[in-house]
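Engineer: Below is the sequence, then the predicted model.
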Amino acid sequence: MASPHSGLLSERSARSAGSLTVVGTGIQLAVHATPQIRSALEAADEVLYLVTDPLTTMWIERLNPEARSLAHLYEPGKKRSETYAAMVEEILDRVRGGREVCVAFYGHPGVFVDPGHEAVRRARLEGFPARMLPGISAEDCLFADLGIDPADAGCQSYEATALLVYGYAVEPAALLVLWQVGFLGELTTPTSAPRPPLALLVEYLERFYPKDHGVIIYEASSYVICQPLIRRFSLAELAEAEMRPMATMVVPPRTRPSLDLTALDRLGLPRP
Amino acid sequence: MEPEPKIGEFLIRISEDPDAFFRDPEKALAESGLTPEQQDIIRSGDIRRIQEAVRAEYPDRDLFFITWAPVKWPVHIVDY
């Protein structure tokens, strides 16, 4: 039977054991897992997972009894970047041991997942077949639930802390999606629900939007029977808003983009 | 003694065949063995209530809420 990695084998053909498949379980329990993802979970010698929902852990373990969590690597107060590095090392240890390893992350395994791409990159560098299967991300759910097409106005997507720390410029004519807002300013994994300094985020956004500009705090549904959580605030109200850990912030465009007539002409496109 | 029915087990079951549930949700709930209070939580569709109930049923499960660090020292350089 053809290996799932046929076509991905490295030149180190002598190494026949050990491979890595990184998958995303999606956002909603079970229904977001494609047949390909289910098959990868079932067929693996070993499954490592990092997910946000207790039922997803149980669902994975029922698909593959060799599944175990990577969350034990978390240490209170430890920098998350160090925790993720330890996770990658644990994943690679299992691959180096000759196991067909499948690693499952919540959502899409390559979207806001430090260990996902890094594990694939390092496995390939060491000569192991490694692949990533895409999953449904929170942003995918957001577009569906909020009725937004990112093509309409363009879409900027930043991690909330990174927005402030790196001072990314914001284009107010495009949609803005801010991730991990509930962990704003937090570089470790807190032991209790963090209280993000939202006033600092509001202050930054007020450079680009007026105080009464409407924003949306969105949380995708975890189960087929749940509705997504969609809460609307003005920017002025945001500083006092409750921010749940899995919340994503959406800032609709403030203005319409201006048409560049010279560009239209150079592209040979008709003027309006 | 029969183990107490759990919302979590019900959710896993219906997630594997959601069409069967949505064809007749009340029948599915009536046959679930869940208590009236648990059924009320399910009917609410409220993510906060349902997540709270599930986490109370399975308090020892290892979870991890955040998987990306915005600041990496030394400077993280992405090589495309």
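Structural biologist: Cool, the structure landed.

Engineer: tell me the pLDDT at A:Ser157?
Structural biologist: Listed pLDDT for A:Ser157 reads 96.

Engineer: And for it, nearest residue in space, chain neighbours not counted?
Structural biologist: Distances taken as C-beta to C-beta, 6 or more residues apart in numbering or on different chains put A:Val177 closest to A:Ser157, at 4.6 Å, once the chain neighbours are dropped. Where you see a C-beta, it was placed from the backbone N, CA and C, and this is true even at glycine.

Engineer: Excluding its own residues, what touches the host helix or strand of the one you found? List them.
Structural biologist: If you go by DSSP states H and E, A:Val177 is part of strand A:175-179. Around strand A:175-179, the neighbours that count as contacts under C-beta atoms under 8 Å, 6 or more residues apart in numbering or on different chains are A:112, A:138-139, A:142, A:148, A:150, A:152-160, A:163, A:170, A:201, A:248-253, B:68.

Engineer: contacting residues for B:Glu9?
Structural biologist: So B:Glu9 contacts nothing (C-beta under 8 Å, 6+ apart).

Engineer: Let me fix that, I meant to ask about A:Ser157.
Structural biologist: Contact analysis of A:Ser157 by C-beta under 8 Å, 6+ apart lists A:Glu139, A:Leu176, A:Val177, A:Trp179.

Engineer: The second one bridge partners, please.
Structural biologist: Listed by DSSP bridges, the beta-bridge partners for A:Leu176 are A:Gln156, A:Val251.

Engineer: Give me the contacts around stretch A:66-76.
Structural biologist: Here stretch A:66-76 has contacts from A:41, A:44-50, A:57, A:60-61, A:83, A:86-87, A:90-91, A:103-104, A:115, A:188-191, B:62-64, using C-beta under 8 Å, 6+ apart.

Engineer: Would you mind checking these for buried ones?
Structural biologist: Neighbour counting over those (16 or more other C-beta atoms under 10 Å in any protein chain shown) leaves A:41, A:44-50, A:57, A:60-61, A:83, A:87, A:90-91, A:103-104, A:115, A:188-189, B:62-64 as the buried ones.

Engineer: and the stretch 51-200 of chain A, which residues reach chain B?
Structural biologist: A:51-55, A:57-59, A:62, A:69-72, A:74, A:79-81, A:84, A:105-106, A:112-116, A:159-162, A:165, A:179-180, A:183, A:187, A:189 (C-beta under 8 Å from any C-beta of the partner chain).

Engineer: Of the residues you listed, which count as buried by neighbour count?
Structural biologist: A:51-55, A:57-59, A:69-71, A:74, A:79-81, A:84, A:105-106, A:112-116, A:159-162, A:179-180, A:183, A:187, A:189.

Engineer: To which secondary structure element is the closest residue to A:Ala44 other than its chain neighbours assigned?
Structural biologist: By the measure of C-beta to C-beta, 6+ apart, the closest residue to A:Ala44 outside its immediate chain neighbours is A:Cys102, 3.6 Å from it. Per DSSP H and E, A:Cys102 falls inside strand A:100-105.

Engineer: Any idea how far that strand is from the middle of the chain?
Structural biologist: Here strand A:100-105 is found 16 Å from its chain centre; the criterion is C-alpha atoms, centre = their mean, to the nearest Å.

Engineer: which intervals of chain B have sub-threshold pLDDT?
Structural biologist: B:1-2, B:72-80 (pLDDT under 70).

Engineer: So which bits of it are right by chain A?
Structural biologist: Listed as neighbours of chain A in chain B under the rule C-beta under 8 Å from any C-beta: B:8, B:11-12, B:14-16, B:18, B:21, B:42, B:45-48, B:50-51, B:54-55, B:57-58, B:61-73, B:76.

Engineer: Restricted to strands, list the residues you listed.
Structural biologist: Among those, no member is found in strands (DSSP state E).

Engineer: hmm, which of these are the buried ones?
Structural biologist: By 16+ other C-beta under 10 Å, the residues of chain B next to chain A give B:8, B:11-12, B:14-15, B:21, B:42, B:46-47, B:50-51, B:54, B:57-58, B:61-70, B:72 as buried.

Engineer: In helices, which of those appear?
Structural biologist: The helices, defined by DSSP state H, take in B:Gly8, B:Leu11, B:Ile12, B:Ile14, B:Ser15, B:Phe21, B:Ile42, B:Ile47, B:Ile50, B:Gln51, B:Val54, B:Glu57 from those.

Engineer: So A:Ala33 sits against A:Ser39, correct?
Structural biologist: No: at 9.8 Å, A:Ala33 does not count as touching A:Ser39 under the criterion of C-beta atoms under 8 Å.

Engineer: So for the two, which sits in the more crowded spot?
Structural biologist: A:Ala33 (26 against 17; other C-beta atoms under 10 Å in any protein chain shown).

Engineer: List the residues that contact that one.
Structural biologist: Applying C-beta under 8 Å, 6+ apart, the residues contacting A:Ala33 are A:Thr25, A:Gly26, A:Leu41, A:Gly135.

Engineer: most neighbours, which of the residues you listed?
Structural biologist: A:Thr25 (29 neighbours).

Engineer: picking up where we left off before, how close does the residue nearest to A:Ser157 sit to chain B?
Structural biologist: 14 Å (C-beta to the nearest C-beta, to the nearest Å).

Engineer: Thanks again, I'm all set now.
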